[in-house]
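In: 3D model of this:
(2 chains, ligands or ions: 2)
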Amino acid sequence: MLKQIVAVTAINLKSIPRRFWLSLSTVVAVALVVMVLLSFLAMSAGFRRTLASSGAADVAIVLRAGARAELNSVIARDQVRLLEDAPGVARDAQGKPLASAELYLVVDGIKKTTGTKANLPLRGIGESGAAIRKGIRLTEGRMFAPGSNEVVVGKSLLREFQGFELGRTVKFGTALWTVVGVFEADGSVFESEIWADLPVVQSLFNRPNTFQILRARLSGPDGLAAMKAFNDGDPRLKLDVKSEQDYFSEQSSQTSDLIQKLGWPLAIAMAFGAMAGALNTMYSSVASRSVEIATLRAIGFGGFPAFVGTLVESLLLAGIGGVIGAVATWLIFDGFSASTLGASFTQVVFSFRLTPALIGQGVALALIVGLIGGLLPAIRAARMPIVQGLQG
Amino acid sequence: MSDTSLVRLAGVSKGFVKGKDAITIFERLDLAIPQGDFVAVMGPSGSGKSTLLNLLGGIDRPDSGEIHIAGSRIDTLSEGQLSQWRAATIGFVFQFYNLMPMLTAAQNVELPLLLTRLGKAERRTHVETALKIVNLADRAKHYPREMSGGQQQRVAIARAIVSDPELLLCDEPTGDLDRASADEILGMLTILNRDLGKTIVMVTHDPAAARYASRTLHLDKGHFEEKELAA
Ligand SMILES: Nc1ncnc2c1ncn2[C@@H]1O[C@H](COP(=O)(O)OP(=O)(O)OP(=O)(O)O)[C@@H](O)[C@H]1O
Ligand SMILES: [Mg+2]
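Out: Ligands and ions are numbered 1, 2, ... in the order given. Have a look, this model is predicted:
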């Protein structure tokens, strides 16, 4: 039986050149489906990774109770004072708490690629704001001087938006600021931000004594629990304390879920189209091979090899389409940089990321298209009445 | 009489339904063909010659009646059993050769052997022998498109005899060939019948072709009228 199946499948596949253009159209249709799916999934994965790499497990963040993002959080000055001295907060060599109260504002920027306006995050950070975060390195210039109208910018922001080159003057609100440094942050969301000295931001934007978030380095593995207990036990606080890692993964799951929820239905809708195309191609294939199929059956070959051969042809065409789609997506999009609105309605710059697991999903979808598109034609091939088939 | 017959049809009826009309091709047809016979079947177009051959080859089924061939009653076999029976018993030769265009002559001839237990080396010697019988040993590696119609039909004959079936069924085997090629093919069939003892049933429109057979059956309006060939 195996000899039969191998021989019939080989005859079947060798006849594909006769149906070259039709077969090619199936390959292309499947490739497009896979490209659409994979570009959405790569976008989602890239976004998730950018946010995941932003969060550290040993940094706690504090927001107003119920605030899911910084922009709608407020913390008062005395709450900041209390929390800086909370148990669980690490201290530096001088005994000062490693904590940074921050103010997070939205300013305008111009996207380089489209020339359109976009919201950019301007963050006023405390003295230890840079030290608390992991992987912050200045790649150009220097840190802003305390008390001055100076900013440092993340390198993704510099790449995607106009006018943030070192030494340039930018206008936010009514004040002018000078770019004195560029930093990188391990590919995290901070690379999409502008940082300045907190007191200067507070006064120039007329927001004295307001803070939106407190970041604190934790003293050890129990630090977070200690801070939470302290917060829960003091009626003046009642804020939300969580690890930075949890905060960012909550945020990323919302947006990357949304991207996936757009991507899959679109890809599946297209997959139905490709399936119809594959079905048509495979019915034509069976029709064009009917004399050969019937001749083999008359010689004594069984119907099952004709079924397998047809299905293999369908799977092969769809599989080739899947691989082409994956390779094309990879060539076009892997590492491709994009920006989108993050949870605080500011731009987050991230890269598309095509992982082997995603490619596996794309090829699996292609094979499902091939399987379903080939099934009925394969059954027709197996059941074709021999006399009718011989008449062509 | 039935004991010595390779082919025996008893009360075979066969019709087709075309839209609303039901047409009857055969009604209670009886036929016996002895082992080693070479029968030509002639008759007007649409008289049921191909249908008869399809019934004998087990690729079509009668509406009623019995078909016994080489000791098996085939009208009651399942599809799977019929396939195996065909592989062992029948060699088909078609008007348009029906070779696989993507396979060489040798690969085409090898196809029926893939249904046997023969190993690769044995299959190869069988293929060589069959191609030698049809005088195409030198064309083993050629593709059908590289051969004339007569040569392609010889490859098809090699394919039909390679697994040594008892009964050859040929539907207008020379219908698409010029006189010289046709005579060559018919000469070959005569040799297969006379020297290798193959029983042959050949449908033809060509009286010259029918003269190669040992007798001719005329099929008309569902019945046979036999003419013995004067020697
Ligand atoms: N599958 C089918 N469905 C309906 N009618 C059929 C079918 N096959 C054959 N027929 C009809 O049965 C009759 C006999 O057909 P058959 O092919 O056996 O004739 P034939 O003697 O071989 O004719 P020809 O000399 O033209 O080849 C014809 O009227 C044909 O139209
Ligand atoms: Mg006919």
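
In: quick one: buried residues of stretch A:255-275?
Out: Judged by neighbour count using 16 or more other CB atoms under 10 Å in any protein chain shown, the buried positions of stretch A:255-275 are A:255, A:256, A:259, A:260, A:263, A:264, A:267, A:270, A:271, A:274, A:275. (Each C-beta comes from the backbone N, C-alpha and C, glycine too.)

In: so what's the residue in chain B that chain A sits nearest to up against?
Out: As assessed by CB to the nearest CB, chain A sits closest to residue B:87 within chain B, at 2.6 Å. Applying CB atoms under 8 Å, 6 or more residues apart in numbering or on different chains to residue B:87 gives the contacts A:299, A:300, A:301, B:112, B:115, B:116, B:163.

In: could you dump those to a markdown table with secondary structure, distance to residue A:95 and neighbour count?
Out: Shown next, in a markdown table, are these (DSSP: H, G, I helix; E, B strand; the rest coil; distance: CB to CB, whole Å; neighbours: other CB atoms under 10 Å in any protein chain shown):
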| residue | secondary structure | distance to residue A:95 | neighbour count |
| --- | --- | --- | --- |
| A:299 | helix | 93 | 21 |
| A:300 | coil | 93 | 25 |
| A:301 | coil | 87 | 24 |
| B:112 | helix | 94 | 28 |
| B:115 | helix | 90 | 22 |
| B:116 | coil | 92 | 17 |
| B:163 | coil | 96 | 24 |
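
In: and which of those residues is nearest ligand 1?
Out: residue A:299 (20.1 Å; CB to the nearest ligand atom).

In: surely the closest one meets residue B:92?
Out: Yes - assessed by CB atoms under 8 Å, residue A:299 is found in contact with residue B:92 at 6.9 Å.

In: what's the domain layout of chain A?
Out: Listed by automatic domain parsing, the domain ranges of chain A are A:2-52+A:251-391, A:76-238.

In: turn those into a markdown table, columns for mean pLDDT and distance to chain B.
Out: Putting the domains of chain A into a markdown table (pLDDT from 0 to 100; distance: least, CB to the nearest CB, whole Å) gives the following:
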| stretch | mean pLDDT | distance to chain B |
| --- | --- | --- |
| domain A:2-52+A:251-391 | 87 | 3 |
| domain A:76-238 | 90 | 51 |
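
In: select, out of those, the one closest to residue B:132.
Out: Judged by CB to CB, the one of those that comes nearest to residue B:132 is domain A:2-52+A:251-391, at 20.7 Å.

In: can you give me the strands for chain A?
Out: A:59-63, A:75-76, A:99-110, A:117-125, A:137-141, A:150-154, A:169-172, A:175-184, A:194-197, A:210-211, A:213-217, A:240-243, A:337-341, A:347-351 (DSSP state E).

In: could you list the buried residues of the fourth one?
Out: Which is strand A:117-125. For strand A:117-125, a neighbour-count test (16+ other CB under 10 Å) marks A:118, A:119, A:120, A:121, A:122, A:123, A:124, A:125 as buried.

In: name the nearest residue to whatever residue of the stretch 1-150 of chain A ends up closest to ligand 1, ignoring sequence neighbours.
Out: Taking CB to the nearest ligand atom, ligand 1 has its nearest neighbour within the stretch 1-150 of chain A at residue A:8, 24.0 Å off. Nearest non-adjacent residue to residue A:8, counting by CB to CB, 6 or more residues apart in numbering or on different chains: residue A:305, 3.7 Å away.

In: for that neighbour, give me its contacts.
Out: In this structure, residue A:305 makes contact with A:1, A:4, A:5, A:7, A:8, A:9, A:296, judged by CB under 8 Å, 6+ apart.

In: of these, select the buried ones using a PyMOL command.
Out: Applied in PyMOL, the following selects the buried portion of the contacts of residue A:305 according to 16+ other CB under 10 Å:
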select buried, chain A and resi 4+5+7+8+9+296
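
In: of the contacts of residue A:305, closest to residue B:212?
Out: Distances from residue B:212 to the contacts of residue A:305, taken by CB to CB, are shortest for residue A:296, at 28.7 Å.
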